[in-house]
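Engineer: For reference, the sequence and a predicted model appear below.
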Amino acid sequence: MFDTTPTDTPALSVSGLSLSYGGVKALEDVSVTVPEGRIIGLIGPNGSGKSSFINVISGAYQGPYEGEVRIGGREMRGIPANRRAKAGLGRIFQGIRLFDTLTIEQNILLGGHIHYGSGFAGSILRTPQARRELARQRERAYEIMALFGDRLLPRAGQQVLSLSYANRRRVEIARALMSAPELLLLDEPMAGMNPHETEELTDQLRALNDTRKISMLLVEHKMQVISELCDSTYVLSSGKIITHGPVARIQADERVVEAFLG
Ligand SMILES: Nc1ncnc2c1ncn2[C@@H]1O[C@H](COP(=O)(O)OP(=O)(O)OP(=O)(O)O)[C@@H](O)[C@H]1O
């Protein structure tokens with residue numbers, strides 16, 4: 001189901017990215033690489049440009065910018081957000097965006113829509129091909145729910161609005177996995193989770209990376225999570241990357257301490 005053949009093409013390669021909002025420089029000559037199969041962290045104080053960076057990669061930001069963004073080797077300029085899933089991108093938003101009155105299963109199924117072959121007409125007319133596809137997608141949705149132990153499976157038919165915050169977040173990740181992403185952009189996935197939930201999701205993300213070779217760019221405030229998951233971490237401060245490397249080295253770097261205290 002998931003192609004795990006390694007290549008030398010990075011999952012994500014951003015080079016020389018600069019952008020301004022009017023006169024405000026939000027990003028200046030930012031270069032970040034996520035090698036295939038790796039988890040790379042991105043940290044920075046409030047207002048340092050993390051959201052702007054993520055929004056350019058996901059295509060949520062449609063304004064002008066300098067530099068290049070490549071996902072799986074493919075240049076993304078001009079490709080709208082909804083078409084980037086086909087290039088292998090999955091994104092988890094900072095604020096949870098789910099359809100509250102739909103069930104867990106329905107929300108997750110929506111993440112697979114880029115793979116439907118029979119299209120909208122087929123699903124309305126309920127052609128045999130559309131029914132077979134739906135059955136395949138449901139099977140996939142249940143396989144993905146099973147990755148989260150007993151958190152989602154027993155509740156598959158429940159409306160999402162009745163779920164805990166942590167379970168809503170799991171549904172969002174499950175939905176992103178339906179498009180079989182090669183690269184996941186995770187924007188503070190542990191926000192609002194207690195230590196136990198944080199630890200559990202950390203283990204689940206590591207398992208996804210190990211077993212499915214999904215590359216990840218992780219924006220996260222919790223340094224424990226960054227240090228457990230990331231091979232290397234970039235530090236943004238006032239729109240510039242001030243350093244990158246293994247977490248232990250970054251934490252000891254005076255410039256980083258200054259940026260966070262400053
Ligand atoms: N739409 C906008 N118009 C004008 N300025 C903006 C806009 N969005 C962000 N900025 C400015 O750009 C800079 C980078 O903001 P950005 O939201 O990318 O940082 P961030 O690191 O994600 O911050 P936070 O952690 O607080 O979400 C900040 O100075 C911010 O005020």
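Structural biologist: Nice, I can see it.

Engineer: Walk me through the domains of this structure.
Structural biologist: For the chain, the structural domains run 8-88+181-262, 103-179, going by automatic domain parsing.

Engineer: beta partners for the residue most central in space within the chain?
Structural biologist: Among the residues of the chain, the one closest to the centroid is residue 185, at 2.3 Å (Cα atoms, centre = their mean). For residue 185, the beta-bridge assignment (DSSP bridges) gives partners residue 91, residue 217.

Engineer: so where do the helices sit in the stretch 51-200 of the chain?
Structural biologist: Per DSSP state H, counting those that start in this stretch, the stretch 51-200 of the chain carries helices over the ranges 104-110, 119-125, 128-146, 165-177, 195-212.

Engineer: Which of the ones you listed comes out lowest on mean pLDDT?
Structural biologist: Here the lowest mean pLDDT among the helices of the stretch 51-200 of the chain goes to helix 119-125, at a mean of 59.

Engineer: Around the ligand, pick out the residues from the stretch 1-150 of the chain.
Structural biologist: For the stretch 1-150 of the chain, the residues in contact with the ligand under the definition Cβ under 6 Å from any ligand atom are 21, 24, 26, 44, 46, 47, 48, 49, 50, 51, 52. Every residue, glycine included, has its C-beta placed from N, CA and C.

Engineer: residues touching residue 206, list them.
Structural biologist: 39, 228, 229 (Cβ atoms under 8 Å, 6 or more residues apart in numbering).

Engineer: Let me have the domains of the chain in TSV, extended by distance to residue 97.
Structural biologist: Formatted as TSV, those follow (distance: least, Cβ to Cβ, whole Å):
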stretch	distance to residue 97
domain 8-88+181-262	11
domain 103-179	7
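
Engineer: Kindly report which one of those carries the lowest mean pLDDT.
Structural biologist: Taking each of the domains of the chain in turn, the one with the lowest mean pLDDT is domain 103-179, at a mean of 85.

Engineer: Run the chain-centre distance for that domain.
Structural biologist: What separates the centre of domain 103-179 from the centre of its chain is 17 Å, taken as Cα atoms, centre = their mean, to the nearest Å.
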